[in-house]
Structures are given as structure tokens and as C-alpha cells.
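Trainee: next one to model:
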Amino acid sequence: MDDERATFEVWVKASQHRLVRSAFLLTGDLQNAEDLVQDALVKVAVRWSRLRTENVDAYVRRVMYHDHISWWRKKRWPIATSQLDTQAVSDHSDAIHNEQVVAQALAKLTAKQRAVVVLRYFEDLSEQQTADLLGVRVGTVKSQTSAALTRLRNLGPEFSLTPVDRGDP
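Mentor: Below is the predicted model of the structure:
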């Protein structure tokens, strides 16, 4: 039992930053992201003896994305764009500005579109991996990705995710 707890704690320490980052991209709010990760980690801890020999990262991501969509449906969380400082960013680094643009862009998407975009572009998963993780068909991933990119393109060039979307050669 102590060995299982130790391996779980090591895994959590190694994964926590990455999980909170993904959860923040999904929720647009640090507090909600931390809550989402905490809830997912509780579910992983309960099943750790079975999961530790499997792909724990995929399992926890699946839990997070499904929980996020469920929470969003139940609570209709307001997207936290009001928490972003949209004042002049000239005093801040480009990195902070880029983070704000990404957060604002993701806030314009539906929960499903956001999940697909985060998995495909920020987690660098394939269409098949994304579909497996979300429990949907590859065609759903493709259509949600297409709808999300179209929505971002229509919002303006600052929300484009790829050089092609910005019209670059």
C-alpha cells in the first residue's frame, strides 16, 4: 500500500504542472482548472492500483475533458475572459500577451471545440488519439476542429492558430 501511494505521489508531482496547464486552457480560469485537476486526481487515486500499469496520462486527460464538459453543461460556467487584463500590454512581455490572446481565443469556442483544439494543438494528439480520449468518432474530431478553426478565423487574425490560417505562405 505504501509503495502504491509513493508511486502515485511521484506521478502526481511529475504530471501536475502539465495537467493544470491543460485544465487552464480548457476552463480559462486558474481556480476552475485546479478544481478540475483535483477532481481528476481523486478519481485516479481511487483506481491507482489498476491504472498504474496502464496509460495513466490518457485516463486522467479523459476524466478532465469529460468532467469539464459535464461541469460546463451543469453550471454553464461563464468563461473567465473578464479576468484577463485586456488593457495595453506594452509594459509586459510578448509571452504574456500571447497567453492572453490564446485564452481569449479559446474562450470563444464551445466546450467541445475547446477540448478538441486543446488536445490536437496543445497536447499534440492525433485525430484518432483525440477521438479515443473523448469517446467520439474521428469524424466528430474533424468536424469540431474545422468548426473551431473557422470560428477563430472569423474572429480575426490574432486568433489564428497556424501560419496558414493567418494567410502566410
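Trainee: from residue 31, how far off is residue 138?
Mentor: For residue 138, the distance to residue 31 equals 34 Å [C-beta to C-beta, to the nearest Å]. Every residue, glycine included, has its C-beta placed from N, CA and C.
Trainee: neighbour-wise, which of those two wins?
Mentor: Using other C-beta atoms under 10 Å as the criterion, residue 138 and residue 31 rank with residue 138 on top: 14 against 11.
Trainee: rounded mean pLDDT for stretch 134-150, please.
Mentor: Average pLDDT, stretch 134-150: 91.
Trainee: can you list the buried residues in it?
Mentor: 134, 136, 140-141, 144-145, 148-149 (16 or more other C-beta atoms under 10 Å).
Trainee: go on, stretch 44-59?
Mentor: 44, 48, 51, 56-57, 59.
Trainee: out of those residues, which comes closest to residue 24?
Mentor: residue 57 (17.0 Å; C-beta to C-beta).
Trainee: counting by contacts, list what the helix or strand where residue 129 lies packs against.
Mentor: Here residue 129, judged by DSSP states H and E, is contained in helix 127-134. In terms of contacts (3 or more C-beta pairs under 8 Å, 6 or more residues apart in numbering; DSSP states H and E), helix 127-134 is packed against helix 56-75, helix 111-117, helix 138-155.
Trainee: possible to save these as CSV with distance to residue 16?
Mentor: Shown next, in CSV, are these (distance: least, C-beta to C-beta, whole Å):
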stretch, distance to residue 16
helix 56-75, 10
helix 111-117, 20
helix 138-155, 27
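Trainee: these: which one's closest to residue 15?
Mentor: Of all the helices and strands packed on helix 127-134, helix 56-75 comes closest under C-beta to C-beta, at 6.8 Å.
Trainee: what is the neighbour count of residue 133?
Mentor: Applying other C-beta under 10 Å, we find 23 residues neighbouring residue 133.
Trainee: which non-adjacent residue is nearest it?
Mentor: Leaving aside its sequence neighbours, residue 133 sits nearest to residue 62 (C-beta to C-beta, 6 or more residues apart in numbering; 5.0 Å).
Trainee: the one you found contacts residue 134, doesn't it?
Mentor: Yes. With contacts counted by C-beta atoms under 8 Å, residue 62 reaches residue 134, the gap being 7.3 Å.
Trainee: quick one: pLDDT of residue 32?
Mentor: Value for residue 32, per-residue pLDDT: 86.
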